[in-house]
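In: kindly generate the corresponding structure for this input.
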Amino acid sequence: MRIARRRVAPVGLALTLLGGCAVPATTAGGGLAAQTVASSYQRVVDDFDVRTEAGDRYAHPFLGGLNVPRPQLVDIDADGDLDLFVQERGGEIMFFEQVGSPAEPRYRWRTDAFHDLNVGEWYRFADIDGDGDYDLLGEKRFSYISYWRNEGTPQTAAFVLAADTLRDISGVPLFSDRQNIPNVSDLDCDGKLDLFIGRLVGTISRYEAEGVDTADVPRFRHITDRFEDIEIVANLMGSLHGANTLALADIDHDGDLDLFWGDFFEQGLLFIENSGSCASPRLNSDPVQFPVGNPVLTSGYNAMAFGDVDHDQNLDLVIGVLGGAFNPNLTTADNLYFLRQHPAGQYTVTTKRYLNGVDVGSESIPQLVDLDGDGDLDLLLANKIDPANLQSSRIYRFENIGSASDPVFQLRGFLPIEGSYHYAPAFGDLDGDGDLDMILGSWRNTVAWYDNTGDRTEPVFELVHPAIVKLTRGSNSTPALVDIDDDGDLDLFVGEASGAINFYRNTGSPQQPVFTLVSDEYQDIDVGRRSAPVFVDLDGDGDYDMVVGTESDGLVVFRNTGSRTEPRFELTDPLPFDVFAYSAPVFADLDADGDLDVMVGGIGGGVIYFQGK
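Out: Here you go, the predicted structure:
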């Protein structure tokens, strides 16, 4: 059965799932253990301690990871400090309220979808109508400029779509390439907003507000397509221009706005100083990398946000690395820089992970198992390509140093397994010796078997077979072990890039598995792209249902309408969780309260956590 492409709607903090009856849940050994499906679920970002290898707490452990953060610093609630907005996914803005102090700024995650605004591929807060509060611009598909008027107050924003697209004074829609982030500021201090749009050819178009239409929406007069004759050309890569971001800020306290440009073909930020005045701006100097003399260099395509975060009258800087021409695999984890400006005008990088959370790069796949046999669940987290070692994927190990009811995860490095990409581990006792063995999918069309030659408390994984099974077609093997026919041994399901499910029945024994292909299109299931199956009894009838992570369709549910020995899976409603692309779920009772919690990996490289209530 091929499912229709769908988008899982964003959800609030309280989520209704299925009934709260007692049901069996998947265990690492493949059996069924009586637990409860929660009646509701809550998205939690920082519910319990997760620590770095050095023992420091992650501030936002279950944020889900960041790959392409587009930041802005805005005092959206008029309380005197700067809140942080970050766009990671198209159409949504993450909101982090500033709840700390000037001496110790601290952000609290509030939502992944601020006011449920669909802002397309970029957004920009600014006081468009001059009433003292922040309005919002965003991308209207494809490459137009939507305008939301704030009809609330500076303390409590209420955004209403005022125009599908801004227009010039002739009524012609303004065009802004969707991969570029424009800027709006009053550059020449004449009381009229100037709109600056970077073009893919490296030039800047300038418009100035002039009057309003019948809906009280500003119209803009076209000034030039070659503002100050600026043309950004990549110095290191020939005459190349690319996707870009623009910012204007007075970083030298001389009363006028300087220009900053981030480009796909530029490792750093380009700075063009305003050598004129506020009334007569002049930006005709050659661009230089910023900070001058000690530039920040990344994989390119950098989006910048200036603001006085620490209230010292100097503009600090947040840089989101979107990843350009200089190998974006290097910046899938270290991609949100914070630079503090000191009174002398110097900038210092204080962190490359301003929103510090669990993040192993991109396309993370989690597993929750008692790896060290101490009675609580540890977290294993695999990635696509490790940003610290581009020759391999890695499986990071977070040991639970807390308890079964009060987990505390601490990073303990990674399993010593390297040499391939897109690792996807699954665990179970394959040889009947009482400890957890591992099977491992990868970007290839094979699944490897690693025997635990250690014991329950100190596992040592040694390769037994590099291809215990081989997919008949496709790649990105994503395995799951489960006793699907209730005969006492573990069978094998494998998801793949095509979205189909492969089923291998264990025709051997609990001590000597033999995985025999039954079907490479199991029950005609097809979730579109990148299937990642897990098994859990969602409806409390004593048999396994199947939940499948997907590339773009959320967590798809197939209910078992057959039996424990002869399953028959039928498509039902997806789980109502707003998850990242390339979702990979795992179910477990993390807090020992008798109901199942859910962790989901995805393209961001981190973990999203939904706590059962």
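In: going forward, measure contacts and count neighbours with C-alpha atoms only.
Out: Fine.
In: give the buried residues for stretch 448-462.
Out: Counting neighbours by 16 or more other C-alpha atoms under 10 Å, one finds that the buried residues in stretch 448-462 are 448-453, 455-456, 459-462.
In: go on, stretch 199-206?
Out: Neighbour count says stretch 199-206 has 199-200, 202-206 buried, by 16+ other C-alpha under 10 Å.
In: of the residues you listed, closest to Val556?
Out: The shortest gap between Val556 and any of these belongs to Leu200, at 38.7 Å (C-alpha to C-alpha).
In: what about the closest residue to the closest one other than its chain neighbours, distance to Ile603?
Out: Take Leu200 and drop its neighbours on the chain: the residue closest to it by C-alpha to C-alpha, 6 or more residues apart in numbering is Gly242, 5.1 Å away. The span separating Gly242 from Ile603 equals 24 Å under the rule C-alpha to C-alpha, to the nearest Å.
In: same thing with Val518?
Out: Plainly put, Val518 is 31 Å away from Ile603 if you go by C-alpha to C-alpha.
In: then Val527?
Out: Looking at Val527 against Ile603, where the rule is C-alpha to C-alpha, the gap reads 17 Å.
In: and those two? Which one has more around it.
Out: Each of Val527 and Ile603 has its neighbours counted (other C-alpha atoms under 10 Å); Val527 has more, 28 against 25.
In: beta partners of Ala303?
Out: Gly320 (DSSP bridges).
In: surely Asp286 and Asn274 touch.
Out: No - taking C-alpha atoms under 8 Å as the definition, Asp286 is not a contact partner of Asn274, at 11.0 Å.
In: neighbour count winner among these two?
Out: The residue with more neighbours, out of Asp286 and Asn274, is Asn274; 23 against 12, by other C-alpha under 10 Å.
In: residues contacting that one?
Out: Residues touching Asn274, when contacts are defined by C-alpha atoms under 8 Å, 6 or more residues apart in numbering, comprise 256-259, 281-284.
In: phi, psi of it?
Out: Note on Asn274: its backbone torsions stand at phi -80, psi 110 [degrees, to the nearest 10].
In: can you check the one 4 residues further on too?
Out: Here is the backbone geometry of Cys278 (degrees, to the nearest 10): phi -60, psi -40.
In: with Leu259 instead?
Out: In terms of degrees, to the nearest 10, the main-chain angles of Leu259 are phi -110, psi 140.
In: count the neighbours of it for me.
Out: Counted with other C-alpha under 10 Å, the neighbours of Leu259 add up to 18.
In: mean confidence for the helix or strand encompassing Val318?
Out: In this assignment (DSSP states H and E), Val318 forms part of strand 316-321. Mean pLDDT, taken over the full extent of strand 316-321, equals 98.
In: the helix or strand just after it versus strand 316-321: what angle between them?
Out: Taking DSSP H and E as the definition, the helix or strand that follows strand 316-321 towards the C-terminus is strand 336-341. Using axes from the mean of the first three to the mean of the last three C-alpha atoms, to 10 degrees, the interaxial angle of strand 336-341 with respect to strand 316-321 works out to 160 degrees.
In: where does pLDDT dip in this structure?
Out: Counting by pLDDT under 70, the chain has low-confidence residues at 1-36, 235-239.
In: helices of that one, residue ranges please.
Out: Along the chain, no stretch is classed among the helices by DSSP state H.
In: about what we covered before: between the buried residues of stretch 448-462, which is nearest Arg397?
Out: When the buried residues of stretch 448-462 are ranked by distance to Arg397 (C-alpha to C-alpha), Pro459 comes first, at 12.0 Å.
In: need the contact partners of stretch 395-405.
Out: Contacts made with stretch 395-405 from outside it, assessed by C-alpha under 8 Å, 6+ apart, are listed as 360, 375-383, 407-415, 417, 423, 590-593.
In: ditto for stretch 79-86
Out: Taking contacts as C-alpha under 8 Å, 6+ apart, the residues outside stretch 79-86 that touch it are 69-76, 93-98, 102, 107, 155, 307-309.
In: quick one: that stretch to chain centroid distance?
Out: In terms of C-alpha atoms, centre = their mean, to the nearest Å, the centre of stretch 79-86 is set 21 Å apart from its chain centre.
In: start the count at 34 instead of 1 going forward.
Out: Yes, from this point I'll number from 34; that puts the last item at stretch 112-119.
In: would you mind measuring the gap between the ends of it?
Out: 19 Å.
In: circling back: determine which two of the buried residues of stretch 232-239 are furthest apart.
Out: In terms of C-alpha to C-alpha, the buried residues of stretch 232-239 reach their longest pairwise distance at Leu233 and Arg239, which sit 14.5 Å apart.
In: before we move on, back to that, which helices and strands does the strand holding Val351 pack with?
Out: Using 3 or more C-alpha pairs under 8 Å, 6 or more residues apart in numbering; DSSP states H and E as the contact criterion, the elements in contact with strand 349-354 are strand 103-107, strand 335-340, strand 369-374.
In: and of these, who's closest to Ala92?
Out: Once C-alpha to C-alpha is applied to those, the stretch that comes out nearest is strand 369-374, at 14.0 Å.
In: tell me the angle of the closest one relative to strand 335-340?
Out: Computed by the same axes, to 10 degrees, the angle separating strand 369-374 from strand 335-340 equals 40 degrees.
In: hmm, who's touching strand 369-374?
Out: Residues lying outside strand 369-374 but in contact with it, judged by C-alpha under 8 Å, 6+ apart, are 102, 347-354, 380-388.
In: dump that strand to CSV, restricted to CA.
Out: Extracted as CSV, the C-alpha positions of strand 369-374 are listed here (Å, rounded to 0.1, in the frame of the first residue of the first chain):
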residue,chain,number,x,y,z
LEU,A,369,25.0,28.7,15.7
TYR,A,370,27.8,31.0,16.7
PHE,A,371,27.7,33.7,19.4
LEU,A,372,30.2,36.5,19.3
ARG,A,373,30.4,39.0,22.1
GLN,A,374,31.5,42.5,21.3
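In: how far is that strand from where the chain is centred?
Out: For strand 369-374, the separation from the chain centroid amounts to 20 Å (computed by C-alpha atoms, centre = their mean).
In: now the angle from that strand to strand 103-107?
Out: Compare the direction of strand 369-374 with that of strand 103-107 by the same axes, to 10 degrees and you get 40 degrees.
In: how close does the residue nearest to Asp462 when sequence neighbours are not counted get to Gly487?
Out: Computed as C-alpha to C-alpha, 6+ apart, the closest residue to Asp462 that is not its neighbour in sequence is Leu469, at 4.8 Å. Leu469 sits 10 Å away from Gly487, going by C-alpha to C-alpha.
In: the stretch 484-633 of the chain: strands as residue ranges?
Out: Assigned strands in the stretch 484-633 of the chain, in chain order: 494-503, 511-515, 524-528, 534-539, 548-552, 565-569, 578-582, 588-593, 602-604, 617-621, 630-634 (criterion: DSSP state E, counting those that start in this stretch).
In: off-centre distance for the fifth one?
Out: A distance of 35 Å separates the centroid of the chain from that of strand 548-552, by C-alpha atoms, centre = their mean.
In: likewise for the second one?
Out: Strand 511-515 has its average C-alpha position 24 Å from the chain's average C-alpha position, going by C-alpha atoms, centre = their mean.
In: packing partners for that strand?
Out: So strand 511-515, by 3+ C-alpha pairs under 8 Å, 6+ apart, packs with strand 457-461, strand 470-474, strand 524-528, strand 565-569.
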